[in-house]
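Trainee: model this:
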Amino acid sequence: MAKIKLLDPEAVSKIAAGEVIERAASVVKELIENSIDAGATKILVEVVDGGKRLIKVTDDGSGMDREDASIAFEKHATSKISDASDLDRISTLGFRGEALSSIASVAESVDLVTKAKSSGVGVPGTRIRVEGGRVVEVGDAGAPAGTTVEVRGLFENLPARRKYLKSGRAELARIAEVVTSYAVICHRISFELFSGERTVFKSVRSESWNDPILRILGREVARNLVSIEAETNSVSVTGSIGREPVTRSSPDWIMTYVNGRLVRSRALTRAVAEGYRTLIPTGRYPVAVVSVRIDPAMVDSNVHPAKTEVRFLKEEEVAAMVTDAVRAALTEPGGPQPPKTA
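Mentor: Here you go, the predicted structure:
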């Protein structure tokens, strides 16, 4: 039997990064979440070959000064939490300080260009280049306020991982799912997704999620959506759900969010489906957008390395609220009401 030994730091970093960065869409998700946390009002995503050759995310958020940018690629470097107790009340999308470090560990190169909005007139921005997970250049850059992250050669240094990436077309579809999903919940931000020179998706800043839903699902589906709403002292549920004729063969079009974070939640998906029980055929699933706002102390966002799953302190109660809200919207006297402003 082989002796147990400690892995070298580089191997540890790549293994840990693999838990956070599963594919090109994971990179886009992490970078978009950073942009949202930075207060961006516009986020531009550009990819080549489904993100395998290039992923570039540009925002007009708060940006970083030289000091912050210089440690942004360090593992667990974050402005979102100060100590372990903060994990009990997470209110931002990113918080563990893993995104840039993990991305840099699995990419051929990463270029960061950033400038803080608080910078004085004439103060240059900062450019940082990382190759093979190591910072190789730090310097001045002429740049507007905000941040641009350019990722090239995803998994080039990890051939065993790269071979599991799908075709450029399939990877682009995953990226489009991430961008469009955040365009719905973050409708006060405009999003653009380009593949090469082709516009894949574009949304404008809006006071409700009706506009991005219309752009994503089309007019026929959008006109068949109705609002759901429920609230207690610690939990609120809002959303738009399809009337009975609007169904799909898989639950992929049930989009669930918790405190603004796009998540996969079997509990919430089941709760939505339960609201349609006896109303749609077995094996069919509704189109639904469900947003849960909950006291951060009642939800654990730290369940999955990529922050895509959550655990509720009172899961049955939250699920029951969602089911009841869906059922009420579909069966209330006078018929379902059209979507309200989110």
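Trainee: what ranges do the helices span in the stretch 151-300 of the chain?
Mentor: For the stretch 151-300 of the chain, applying DSSP state H, counting those that start in this stretch gives helices covering 159-162, 168-185, 210-217, 219-222, 266-275.
Trainee: which one of these lies closest to residue 286?
Mentor: helix 266-275 (6.5 Å; Cβ to Cβ). Quick note: C-beta positions are derived from backbone N, CA and C, even for glycine.
Trainee: nearest to residue 68, of the helices of the stretch 151-300 of the chain?
Mentor: Residue 68 lies closest to helix 168-185 among the helices of the stretch 151-300 of the chain, at 23.7 Å (Cβ to Cβ).
Trainee: identify all contacting residues around that closest one.
Mentor: For helix 168-185, the external contacting residues (Cβ atoms under 8 Å, 6 or more residues apart in numbering) are 23-25, 28-29, 32, 36, 45, 47, 49-52, 165-166, 189, 191, 193, 195, 200-201, 203, 209, 212-213, 215-216, 255, 257, 260, 262, 289, 291, 342.
Trainee: what's the answer for stretch 65-73, then?
Mentor: Outside of stretch 65-73, the residues within contact range by Cβ under 8 Å, 6+ apart are 64, 77, 79, 100-101, 104, 110, 112, 114, 116, 118-119, 126, 128, 130, 135, 138.
Trainee: buried only: go through those residues for me.
Mentor: Buried members of those, counted by 16 or more other Cβ atoms under 10 Å: 64, 77, 100-101, 104, 110, 112, 114, 116, 119, 126, 128, 130, 135.
Trainee: around residue 179, how many other residues sit close by?
Mentor: The local packing of residue 179 (other Cβ atoms under 10 Å) involves 24 other residues.
Trainee: and if you look at residue 120?
Mentor: A total of 6 residues lie near residue 120 under the criterion other Cβ under 10 Å.
Trainee: what packs against whatever helix or strand residue 129 lives in?
Mentor: Following DSSP states H and E, one finds residue 129 within strand 125-131. With contacts taken as 3 or more Cβ pairs under 8 Å, 6 or more residues apart in numbering; DSSP states H and E, strand 125-131 sits against helix 66-71, strand 107-115, strand 134-141.
Trainee: dump those to CSV, plus distance to residue 155.
Mentor: Formatted as CSV, those follow (distance: least, Cβ to Cβ, whole Å):
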stretch, distance to residue 155
helix 66-71, 25
strand 107-115, 8
strand 134-141, 17
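Trainee: which of those is buried the deepest?
Mentor: Most buried of the helices and strands packed on strand 125-131 by mean neighbour count (mean count of other Cβ atoms under 10 Å) is strand 107-115; its value is a mean of 22.
Trainee: residue 30 reaches residue 21, doesn't it?
Mentor: Yes - Residue 30 is in contact with residue 21 according to Cβ atoms under 8 Å; the separation is 7.5 Å.
Trainee: which one of those two is surrounded by more residues?
Mentor: Looking at residue 30 and residue 21 with other Cβ under 10 Å, you find the greater number of neighbours at residue 21, namely 29 against 24.
Trainee: ok, the more buried one - contacts?
Mentor: For residue 21, counting by Cβ under 8 Å, 6+ apart, the contacting residues are 27, 30, 102-103, 106, 154.
Trainee: give me the buried subset of the residues you listed.
Mentor: Among the contacts of residue 21, those buried by neighbour count (16+ other Cβ under 10 Å) are 27, 30, 102-103, 106, 154.
Trainee: what about the chain, any weak spots by pLDDT?
Mentor: Where the chain drops to pLDDT under 70, the residues are 1-20, 75-97, 301-309, 333-342.
Trainee: before we move on, the earlier item: turn the helices of the stretch 151-300 of the chain into TSV, columns for distance to residue 244.
Mentor: Formatted as TSV, the helices of the stretch 151-300 of the chain follow (distance: least, Cβ to Cβ, whole Å):
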stretch	distance to residue 244
helix 159-162	43
helix 168-185	22
helix 210-217	16
helix 219-222	13
helix 266-275	11
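Trainee: quick one: which of those is nearest residue 322?
Mentor: Of all the helices of the stretch 151-300 of the chain, it is helix 266-275 that lies closest to residue 322, at 3.9 Å by Cβ to Cβ.
Trainee: off-centre distance for the closest one?
Mentor: Counting by Cα atoms, centre = their mean, to the nearest Å, helix 266-275 is centred 21 Å from the centre of its parent chain.
Trainee: next one: stretch 254-268
Mentor: Chain-centre distance of stretch 254-268: 11 Å, with Cα atoms, centre = their mean.
Trainee: which other residues reach that stretch?
Mentor: 29, 33, 36, 90-91, 93, 178, 181-182, 184-186, 269, 272-273, 285-294, 296, 299, 301, 307-310, 312, 315, 318-319, 322.
Trainee: rewinding a little: which among the contacts of residue 21 gets closest to residue 41?
Mentor: Nearest to residue 41 among the contacts of residue 21: residue 30, at 19.6 Å, using Cβ to Cβ.
Trainee: give me the contact list for whichever strand or helix holds the closest one.
Mentor: Following DSSP H and E, one finds residue 30 within helix 24-37. Here helix 24-37 makes contact (Cβ under 8 Å, 6+ apart) with 20-21, 43, 45, 47, 50-52, 55, 57, 59, 61, 80, 92-94, 99-100, 102-103, 147, 149, 151, 154, 165, 171, 174-175, 177-179, 182, 186, 189, 260-262, 306-307.
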